[in-house]
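Engineer: A predicted structure for the sequence below; I have some questions about it.
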Amino acid sequence: MFALTRDVSDSINGCELTHVARESIDVELARRQHRAYEYALERAGCRIIRARPAPDLPDAVFVEDVAVVLDEVAIVARPGAPSRRREVDDVAEILGRSRDRQAICEPGTLDGGDVLIAGRSVFVGRSVRTNEDGIAQLRRIVEPLGYRVAAVNVRGCLHLKSAVTSISEHQLLINPEWADAGDFARFDLVPVDPSEPNAANILSIDGTHIYSSAFPRTRDRLQACGVTTIDLDMSELAKAEGALTCCSIILREPIVE
Ligand code: CIR
């Protein structure tokens with residue numbers, strides 16, 4: 001497996017923020033935390049492929065948002081925040097070397113953080129970043145390939161994957177205040193501890209679960225369900241409103257380097 005990542009940009013203190021107040025980010029500490037994240041990805045069996053650094057693009061580390069990758073096709077996103085649109089070029093170029101590539105076009109907007117893939121189901125959040133046109137374009141690209149797209153509502157957070165992520169094929173971690181549990185009725189749902197609203201983002205790769213050390217109560221809930229986590233301190237990227245899934249794109253097919 002491969003994980004596409006991108007270094008923390010020098011300009012990260014100019015990042016987009018929607019639901020969190022601006023706090024100073026220690027860039028060097030953010031880089032160390034990001035390296036530890038890459039190391040955890042390696043422990044999970046991924047080979048790291050880094051996109052070229054983009055020092056002038058503050059949010060470039062959050063590669064998840066710029067593409068949605070399925071085995072059959074890479075869909076280049078059109079981020080809802082105009083400041084993030086130039087992030088797509090390098091990542092699209094890398095992905096296009098090894099697979100068919102499609103793109104979300106104006107007037108559609110779509111952030112990869114709003115797309116949760118569970119088997120052949122593709123859940124897309126209607127969020128501040130992803131609009132109906134973006135969802136319709138995604139549907140037109142993936143449904144002919146045998147995927148089923150379900151648009152779901154998200155509230156109170158940035159992206160769908162701030163509210164719900166996969167633990168395994170059958171199990172999701174969810175903040176039911178931010179996404180409706182009824183939209184995910186066929187899954188076993190593990191709700192976050194109510195005192196930890198941001199705790200629903202877990203990065204699960206073939207049975208290895210990478211998680212933030214900021215959410216001990218929810219981690220206890222996960223452990224009670226038999227889910228053991230690799231815990232990382234991601235304090236600096238959390239100040240940029242980023243979580244764990246945001247910092248990589250996981251691919252099963254090789255990338256041509
Ligand atoms: C943004 O607002 O776009 C970035 N500061 C954070 C993006 C986090 N990405 C994600 O949740 N997928």
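Structural biologist: Arrived safely.

Engineer: was I right about residue 191 contacting residue 174?
Structural biologist: Yes: if you go by Cβ atoms under 8 Å, residue 191 and residue 174 touch, sitting 5.8 Å apart. (C-beta placed from N, C-alpha, C; glycine too.)

Engineer: compare the two (neighbour count), which wins?
Structural biologist: residue 174 (23 against 16; other Cβ atoms under 10 Å).

Engineer: please name the nearest non-neighbouring residue to that one.
Structural biologist: residue 164 (4.4 Å; Cβ to Cβ, 6 or more residues apart in numbering).

Engineer: now residue 184
Structural biologist: residue 172 (5.6 Å).

Engineer: what helices or strands is whichever strand or helix holds the one you found leaning on?
Structural biologist: Secondary structure assigned from DSSP states H and E places residue 172 in strand 171-174. Counting contacts by 3 or more Cβ pairs under 8 Å, 6 or more residues apart in numbering; DSSP states H and E, strand 171-174 is packed against strand 164-166, strand 188-191.

Engineer: report the residue spans of this protein with pLDDT below the cut-off.
Structural biologist: By pLDDT under 70, the low-scoring segments of the chain are 254-257.

Engineer: which residue packs closest to residue 103, ignoring adjacent ones?
Structural biologist: residue 76 (4.1 Å).

Engineer: give the contact list for the one you found.
Structural biologist: 66, 67, 88, 91, 92, 95, 101, 102, 103, 104 (Cβ atoms under 8 Å, 6 or more residues apart in numbering).

Engineer: repeat the analysis, applying 10 Å as the threshold.
Structural biologist: Residue 76 is in contact with 66-69, 88-89, 91-93, 95-96, 101-105, 110, 112, counting by Cβ atoms under 10 Å, 6 or more residues apart in numbering.

Engineer: since that was my last question, I'll sign off now.
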